[in-house]
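Colleague: no sequence for this one, just the structure:
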């Protein structure tokens, strides 16, 4: 992923998907976000990944959703996104909301899954390293909670 001369559309906010408040945080999120689960791993076409992110940003999509286990292999979507960010969007980072998630198995042993403080801190640190970022705007902990009423797991989100 080489350096290119990408310049986003000048009307990306006036001709966009629209924005709405995220709870009472004051943060405005686009009505559509781009999730980078599929099409952004090591096994995927890197130029197509760049094209998708550029297209989204050109249309006012500023929220990019990742997770510690996105991509094939795990973590490769965050690594590739970090490379794309550095080579195409470094001067637009302040216009982007980047979120990552944790809660699914990432490595062997007692600290590679779940919701312990150790797992969450380690997972976030790995995500930051993989994306070569100092911070993410939203960190989401996904916990599978079995419910008796529905007899299947539902997801509980905690946003930090």
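Modeller: Structure received. For clarity, every value in this text was computed on a predicted model and none was experimentally measured.
Colleague: distance from the lengthiest helix in the chain to the middle of the chain?
Modeller: Criterion DSSP state H: the longest helix present in the chain is helix 117-131. For helix 117-131, the distance from its own C-alpha centre to the chain's C-alpha centre is 13 Å (C-alpha atoms, centre = their mean, to the nearest Å).
Colleague: which elements pack onto it?
Modeller: Counting contacts by 3 or more C-beta pairs under 8 Å, 6 or more residues apart in numbering; DSSP states H and E, helix 117-131 packs against helix 76-84, strand 97-102. In this view, the C-beta of every residue, glycine as well, is placed from N, C-alpha and C.
Colleague: contacts for it next, please.
Modeller: For helix 117-131, contacts defined as C-beta atoms under 8 Å, 6 or more residues apart in numbering pick out 66, 68, 75, 78-79, 81-82, 85, 98, 100, 102, 106, 111-113, 134-136, 139, 141.
Colleague: coming back round to it: mind putting the helices and strands packed on helix 117-131 into a markdown table with mean pLDDT and mean neighbour count?
Modeller: What follows is the helices and strands packed on helix 117-131, written out as a markdown table (pLDDT from 0 to 100; neighbours: other C-beta atoms under 10 Å):
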| stretch | mean pLDDT | mean neighbour count |
| --- | --- | --- |
| helix 76-84 | 97 | 23 |
| strand 97-102 | 95 | 22 |
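Colleague: nearest approach to residue 20 belongs to which of these?
Modeller: When those are ranked by proximity to residue 20, the top entry is strand 97-102, at 12.6 Å, counting by C-beta to C-beta.
Colleague: who does that closest one pair up with?
Modeller: Paired neighbours of strand 97-102 in the sheet (DSSP bridges): strand 63-65 (parallel), strand 138-146 (parallel).
Colleague: right, so these: which one is the most enclosed?
Modeller: The highest mean neighbour count among the strands paired with strand 97-102, using mean count of other C-beta atoms under 10 Å, belongs to strand 63-65: a mean of 21.
Colleague: any idea of the mean pLDDT in that one?
Modeller: What strand 63-65 shows for mean pLDDT is 97.
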